[in-house]
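Asks: Provided below for reference: sequence and predicted model.
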Amino acid sequence: MLDEKIVLEQEKIDYYRENGFVQIDGILSPDEVNELREHLAEVMGADQGHSVSTDKQGGAYYNVLNQRVNTWRDHGGMARFVMSRRLADAAKQLAGFPNTRLFHDHALFKMPHDSKPTPWHQDLPYWPMNERGAMSIWIALDDVDEHNGCMMFIPKSQRIRNLKHVDLIQPHDIFSEEGAAEADRNKAVIVRMKAGSCTFHDGLTFHYAHANNSDRPRRALAIIYMADGTTYSGAGHVCTDNTGHQSGDPLKGGLFPKLT
């Protein structure tokens, strides 16, 4: 059941803390994968609600990612997975959080045919947080490899200080930035997975996703977790705009629920 705790192998925890990412196979059962696929199809087809679509078909960003943020706010089935104790407790063990809060979820469809790669980037520069340590789970809803948009990670790159936003449509070379010399893309790990498997990665870990050259969307669900007590930086973000949070306030309340 999704509300049951999971106990990870110490080897997985050690690997994550050393390298900034880890692969966990079979975190969802085949039945859960099928259920989540149905929920995603319903929420991605919605044209209104509290969740936010970041671009429309035909847009430049849509060709990188067809993305919808905070699906849990519109769909009870999505909320059951996004609020899952199993997934949040795995994040807590890996990151060592005393308690875990949700920042947001996002459905990530990499569309077929005209798909573009997701360029090398870090996530934390996009998140309005003062502290480091926030992380993502990325759950594959399709088998993924280099042909249809699997991810790559650079081990130990989470040790590099927070760099700049990368424009995912017209990216600059993140490796040319000061401080990025330690990130050796030649050491990047290609993460091929079966549907129902996942990766966790630190918000500072360099990662990339291949283009989708298949004939079907590559479907994934990402959930971003943060330590309870994480504070707002004051920067603009779709999840914090108009919430009343002031710079330095803890990110908490009904939009950022405590999960563990």
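Replies: Perfect, I can see it now. Since we're looking at a predicted model, the values are computed, not measured.
Asks: switch to C-alpha atoms for all contacts and neighbour counts from now on
Replies: Will do.
Asks: near the residue lying closest to residue 159 once chain neighbours are set aside, how many other residues are there?
Replies: Nearest residue to residue 159, sequence neighbours excluded (CA to CA, 6 or more residues apart in numbering): residue 204, at 7.4 Å. When neighbours are counted by other CA atoms under 10 Å, residue 204 registers 24.
Asks: thought residue 204 was touching residue 160?
Replies: Yes. Shown here, residue 204 and residue 160 form a contact pair, counting by CA atoms under 8 Å, at 7.2 Å.
Asks: can you confirm the residue nearest to residue 159 is in a helix?
Replies: No. According to DSSP: H, G, I helix; E, B strand; the rest coil, residue 204 belongs to no helix; its state is coil.
Asks: and it, what's its pLDDT?
Replies: Model confidence at residue 204, given as pLDDT, is 95.
Asks: give me every residue that touches it.
Replies: 20, 122, 123, 124, 157, 158, 159, 160, 161, 162 (CA atoms under 8 Å, 6 or more residues apart in numbering).
Asks: which of the residues you listed sits closest to residue 79?
Replies: Nearest to residue 79, judged by CA to CA, of the contacts of residue 204 is residue 123 at 22.5 Å.
Asks: let me see the contact set for the closest one.
Replies: Residue 123 makes contacts with 203, 204, 205, as judged by CA under 8 Å, 6+ apart.
Asks: next one: residue 94
Replies: Residue 94 makes contacts with 12, 13, 14, 16, 17, as judged by CA under 8 Å, 6+ apart.
Asks: redo that, cut-off 10 Å
Replies: Residue 94 makes contact with 8-10, 12-17, 20-22, 88, 135, 200-202, according to CA atoms under 10 Å, 6 or more residues apart in numbering.
Asks: report all helices and strands that the longest helix seen in the chain contacts.
Replies: In the chain, taking DSSP state H as the definition, the longest helix is helix 30-44. Identification of packing neighbours for helix 30-44 by 3 or more CA pairs under 10 Å, 6 or more residues apart in numbering; DSSP states H and E yields strand 66-69, helix 76-82, strand 100-110, strand 218-227.
Asks: mind exporting it as PDB, just the C-alpha atoms?
Replies: The C-alpha coordinates for helix 30-44 follow below in PDB (Å, rounded to 0.1, in the frame of the first residue of the first chain):
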ATOM      1  CA  PRO A  30       2.600  -3.000 -12.000                       C
ATOM      2  CA  ASP A  31      -0.900  -2.300 -10.800                       C
ATOM      3  CA  GLU A  32       0.100   1.000  -9.300                       C
ATOM      4  CA  VAL A  33       1.800   1.900 -12.500                       C
ATOM      5  CA  ASN A  34      -1.300   1.300 -14.500                       C
ATOM      6  CA  GLU A  35      -3.400   3.300 -12.000                       C
ATOM      7  CA  LEU A  36      -1.000   6.200 -12.100                       C
ATOM      8  CA  ARG A  37      -1.000   6.200 -15.900                       C
ATOM      9  CA  GLU A  38      -4.800   6.500 -15.900                       C
ATOM     10  CA  HIS A  39      -4.700   9.400 -13.400                       C
ATOM     11  CA  LEU A  40      -2.000  11.200 -15.400                       C
ATOM     12  CA  ALA A  41      -4.000  10.900 -18.600                       C
ATOM     13  CA  GLU A  42      -7.000  12.500 -16.900                       C
ATOM     14  CA  VAL A  43      -5.100  15.400 -15.200                       C
ATOM     15  CA  MET A  44      -3.000  16.100 -18.300                       C
END
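Asks: could you pull out the buried residues of it?
Replies: The neighbour-count check on helix 30-44 (16 or more other CA atoms under 10 Å) flags 32, 33, 36, 37, 39, 40, 43, 44 as buried.
Asks: isn't residue 116 up against residue 109?
Replies: No. Between residue 116 and residue 109 there is no contact under CA atoms under 10 Å: 11.8 Å.
Asks: low-confidence ranges, the stretch 51-200 of the chain, go.
Replies: Along the stretch 51-200 of the chain, segments meeting pLDDT under 70 span 52-65, 114, 162, 167-169, 171.
Asks: switch the cut-off to 80
Replies: Across the stretch 51-200 of the chain, the ranges flagged by pLDDT under 80 are 52-66, 114-115, 161-173, 176-179, 181-182.
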